[in-house]
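In: need coordinates for the below:
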Amino acid sequence: MRKPKIKISITKENKGYSANVLVNGNFIATEAETFEELKATILEAVNLSFEDKGFIYSIEEIQFEYDLESFFDFYKVINAKALSDRIGMNQSLLAQYIKGSKKPSANQTKRILRGVQQIGRELSEVRFLL
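Out: Residues are numbered from 1 along each chain as shown. Below you'll find the model as predicted:
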């Protein structure tokens, strides 16, 4: 058996975060108050689930999927107003999506994701004068 790829869903809760995934019939779930704690408990839970197979994962091997609220809570460095301007979305609508008071459609979610990924690509190409 090959080492399965892990793509775990992260959700912002009232207090902290939760994470879950179903991999080859194994349901893995955990929670923590901070994202840093959550990453540690995810790694522990994943490795415990595959201990009998002899698989050991590093945090870099685990892919995270976020709901919008979790993503913007964790990546506070991303300014929602600037992002809404960049992607041509009403700022108050994006804020409602981020707070979870409105659920975006699949197309709106893709639109937000494309904007965030574009910023990521631009940032990865930044060079400073030395």
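In: low-confidence ranges in the chain?
Out: Scanning the chain for pLDDT under 70 picks out no residues.
In: how far does the longest helix seen in it sit from the chain's center?
Out: Longest helix in the chain, counting residues (DSSP state H): helix 106-124. How far helix 106-124 lies from its chain's middle: 13 Å, per C-alpha atoms, centre = their mean, to the nearest Å.
In: residues in contact with it?
Out: Helix 106-124 is contacted by residues 68, 71, 78, 83, 86-87, 89, 94, 97, 104 when judged by C-beta atoms under 8 Å, 6 or more residues apart in numbering. All C-beta atoms are positioned from the backbone trio N, CA, C, and that covers glycine.
In: go again using 6 Å as the cut-off
Out: Residues outside helix 106-124 that contact it (C-beta atoms under 6 Å, 6 or more residues apart in numbering): 83, 86-87.
In: hey, C-alpha coordinates of it in PDB?
Out: Provided in PDB are the C-alpha atoms of helix 106-124 (Å, rounded to 0.1, in the frame of the first residue of the first chain):
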ATOM      1  CA  ALA A 106     -19.100  27.700  -5.500                       C
ATOM      2  CA  ASN A 107     -18.400  30.400  -8.100                       C
ATOM      3  CA  GLN A 108     -17.900  33.100  -5.500                       C
ATOM      4  CA  THR A 109     -15.600  30.700  -3.500                       C
ATOM      5  CA  LYS A 110     -13.500  30.100  -6.600                       C
ATOM      6  CA  ARG A 111     -13.400  33.800  -7.300                       C
ATOM      7  CA  ILE A 112     -12.000  34.500  -3.800                       C
ATOM      8  CA  LEU A 113      -9.600  31.600  -4.000                       C
ATOM      9  CA  ARG A 114      -8.300  32.800  -7.400                       C
ATOM     10  CA  GLY A 115      -7.700  36.300  -5.900                       C
ATOM     11  CA  VAL A 116      -5.800  34.800  -2.900                       C
ATOM     12  CA  GLN A 117      -3.700  32.500  -5.100                       C
ATOM     13  CA  GLN A 118      -2.800  35.400  -7.400                       C
ATOM     14  CA  ILE A 119      -1.600  37.400  -4.400                       C
ATOM     15  CA  GLY A 120       0.400  34.300  -3.300                       C
ATOM     16  CA  ARG A 121       2.000  34.000  -6.800                       C
ATOM     17  CA  GLU A 122       2.900  37.700  -6.800                       C
ATOM     18  CA  LEU A 123       4.400  37.500  -3.300                       C
ATOM     19  CA  SER A 124       6.500  34.500  -4.200                       C
END
